[in-house]
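This is a predicted model, with the sequence first.
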Amino acid sequence: MKALNIASTGMLAQQMNVEVISNNIANMNTTGFKRQRVEFQDLLYQNIERIGAASSDTGTVTPSGIQVGVGVKPASIYRITEQGNLVNSGNTYDVAINGEGYFRVLMPDGTDTYTRAGSFQLSPTGQIVTPDGHQVMPGITVPAEAIDVTINPQGEVLVKLAGEVEPQNVGRLEITTFPNAAGLEALGDNLFAETPSSGIPTAGSPGTPGYGTIMQGFLETSNVNAVAEITSLITAQRAYEMNSKVISTADEMMGVTSQLR
Amino acid sequence: MDVSLYVGLSHQIGMRRNLEIIANNMANMNTTGFKKEGLLFQEYMMRMDGTDTPVAKNVSYVQDKSLIRDFTEGNFRQTDNPLDLALDGQNFFQVQDANGAMRYTRNGHFKLSDTGELTTSNGLTVLDTNGSPITFAIDDQDITISEDGTVSTQARGVIGRIAVVEFGALGQLQKVGDSLYSSPTPGTPSVSYKVTSGMIEDSNVQPIVEMTNLMNVSRQYQSVARILEDQQELQLKSINRLARVG
C-alpha cells in the first residue's frame, strides 16, 4: 500500500515544519534573530499510464495519463531577512542597523562572520566586542579615559575625553551587505557566515547609499511574529493530523481486505 | 467465471489508486506551487459470451483512465524575500537543468548560485526571455523584480526579464518531482501575467475536500468488500443447496 509511505513522508515533513516554527518561537526575544521557513517540494512521480501514450492504432493519444506521486520532502529552510523592530535600550554600546547590512565580526580563528545583533561591549583593552568577546571590525578602541562615547548614524565613534572640548573620532563602524542575505549560513550565537548562495560581501560605511544607518542605544528585536508563528503551528499540526488520518484509512482498507474470505 | 467478483475487484483497485492520489495531495498540502490532482474513472465494457449480443448482456468494469490536475491558483503568502516570486493564472517559469532539458515550475522560491545566476532552490537555471540565464555581478545590491518579471539592481539597472510561459494543453504537462513539470512541446510566452516579488504561492490543496474524499474512498472500498462477501456467501449457499438435491 503506497498510501502508507506517502502519508509518512507528509508526517515527517510536517514534523520538520513544527521544529522550525518552535525554533522561531524559542528565539522570539533573541536580538537580531531572523525567522525561518521550510520550503517543501513534491517527490518524483510514477507513470502508471504515460501521458501521450497511443490509445488506438489510428494515432490518437491519451491527453493526460496517470501519474502517482510518492510524497513530499523538505527542499530548503530559508531565512526571512525582513528587519525586526528597533527598541530603545539606552545602553551606549547597543547599536542597531536601520536598513541593509551586517556588522563584520572577527572570530578567534581569523575568519569573518556577520551579525545584526549590535549588543556590543568593551573588552578589557577597550575594544568594541560582541558579548562573546569577538572583535567588531574594523577594530575600534575606546580610550580608558573617555567620559562619553557617541556613535553617530554614520557609524563614527566619537569619544569625549576629560578636559577636552571637541570629541575625538576614534574610528568608524563598518557594515557589510550581500546580494542575497537570505543565503547566509547561521552559525548560532547570532552569527552568520558567507556562503556561495549569499554572494560575496561588500563592505561599506553606514549612511551611504545601499547601506543602513547606525542607531546608538537601540537594539533590533527578532522579526518573529508571534501570531503568524502560532497560526503556522496550528496549520502544521493539523496537516500532521490529516496525514495520520490517511495512514489510518489505508490501514482500515487493508484490514477490510484481509478480512475477506 | 463469476464476473461480479472481478467487477468488485476492478473498483477496489481503482479506489486504492485514488487513495494514493489523495495521500500525495495531503502530503503536499504545504508544498509551494503544488497543484492538486484527482483520478478520472471510466467504464470498461466486456461482453459476457464473446458474441455480438445486445448491450444488456454486457458487464462494465471500472478503470482509472486519467488524471486531472487542478491548475487554479493557490493562496499567496508573503515572505518579504525579494527572490521569492509568485505567478498568477496558469503561467509557468521556464528553468533549465544541468543537461539542458527545459522544465517548467510555479515554485518561485529562487536563490543565487555561486556564480551569481538566478536558480531554483534545486539549482536549476531560471531563464530570461532570450533563453539565457540571469546573472548578477558580485557587487549587485537591492535586487528588484517588477510585475512583468524585469529584474533590475540599483547599480546596473535592468539585467533581464524572467521568461513566463503558458501552454495550450495543460494536460500534456508531466510532473517530474521537485515542483517541476516537463512538456513534450515548449511553452509559448505568456500574453498576460503578473509576477509578484516577496510572495510565494501555496499549494491549492483544500484539506476539507481531501478529507471528504478520503472518507468516501474508505467507505466505498468497504461497501464493495461487503458485496464481495455477500457474493461469496451466495455461492456457498448455492453449492450447499445444489449438493442437497443430488
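In hand now; what should we look at?

can you map out the strands along the stretch 1-150 of chain A?
Along the stretch 1-150 of chain A, the segments classed as strands by DSSP state E, counting those that start in this stretch run A:36-42, A:45-49, A:66-69, A:72-79, A:86-88, A:95-98, A:102-106, A:112-115, A:121-122, A:128-129, A:135-136, A:146-151.

okay, the ones you listed in JSON lines with mean neighbour count, distance to B:Phe71 and mean pLDDT next?
Every residue, glycine included, has its C-beta placed from N, CA and C. Shown next, in JSON lines, are the strands of the stretch 1-150 of chain A (neighbours: other C-beta atoms under 10 Å in any protein chain shown; distance: least, C-beta to C-beta, whole Å; pLDDT from 0 to 100):
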{"stretch": "strand A:36-42", "mean neighbour count": "23", "distance to B:Phe71": "15", "mean pLDDT": "88"}
{"stretch": "strand A:45-49", "mean neighbour count": "14", "distance to B:Phe71": "16", "mean pLDDT": "78"}
{"stretch": "strand A:66-69", "mean neighbour count": "22", "distance to B:Phe71": "15", "mean pLDDT": "83"}
{"stretch": "strand A:72-79", "mean neighbour count": "20", "distance to B:Phe71": "19", "mean pLDDT": "86"}
{"stretch": "strand A:86-88", "mean neighbour count": "13", "distance to B:Phe71": "43", "mean pLDDT": "89"}
{"stretch": "strand A:95-98", "mean neighbour count": "24", "distance to B:Phe71": "43", "mean pLDDT": "90"}
{"stretch": "strand A:102-106", "mean neighbour count": "22", "distance to B:Phe71": "41", "mean pLDDT": "91"}
{"stretch": "strand A:112-115", "mean neighbour count": "20", "distance to B:Phe71": "41", "mean pLDDT": "91"}
{"stretch": "strand A:121-122", "mean neighbour count": "16", "distance to B:Phe71": "56", "mean pLDDT": "87"}
{"stretch": "strand A:128-129", "mean neighbour count": "23", "distance to B:Phe71": "55", "mean pLDDT": "89"}
{"stretch": "strand A:135-136", "mean neighbour count": "20", "distance to B:Phe71": "51", "mean pLDDT": "88"}
{"stretch": "strand A:146-151", "mean neighbour count": "16", "distance to B:Phe71": "54", "mean pLDDT": "85"}
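
These into TSV, with extra columns for distance to chain B?
Output for these, formatted as TSV (distance: least, C-beta to the nearest C-beta, whole Å):
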stretch	distance to chain B
strand A:36-42	4
strand A:45-49	5
strand A:66-69	4
strand A:72-79	4
strand A:86-88	17
strand A:95-98	14
strand A:102-106	13
strand A:112-115	15
strand A:121-122	30
strand A:128-129	25
strand A:135-136	22
strand A:146-151	24
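
Which one of these lies nearest to B:Thr31?
Of all the strands of the stretch 1-150 of chain A, it is strand A:36-42 that lies closest to B:Thr31, at 4.2 Å by C-beta to C-beta.

Mind giving me the packing neighbours of the closest one?
helix A:2-26, strand A:72-79, strand B:174-177 (3 or more C-beta pairs under 8 Å, 6 or more residues apart in numbering or on different chains; DSSP states H and E).

Distance from that strand to the middle of the chain?
Centroid separation for strand A:36-42 versus its chain: 13 Å, with C-alpha atoms, centre = their mean, to the nearest Å.

Then stretch B:226-237?
39 Å.

what residues are up against the residue in the stretch 101-250 of chain A that chain B sits nearest to?
Closest residue of the stretch 101-250 of chain A to chain B, C-beta to the nearest C-beta: A:Pro196 (3.1 Å). Neighbouring residues of A:Pro196 by C-beta atoms under 8 Å, 6 or more residues apart in numbering or on different chains: A:Gly183, B:Ser113, B:Asp114.

please redo it, this time with the cut-off set to 10 Å
A:Pro196 is in contact with A:Gly183, A:Glu185, B:Lys111, B:Leu112, B:Ser113, B:Asp114, B:Thr115, B:Gly116, counting by C-beta atoms under 10 Å, 6 or more residues apart in numbering or on different chains.
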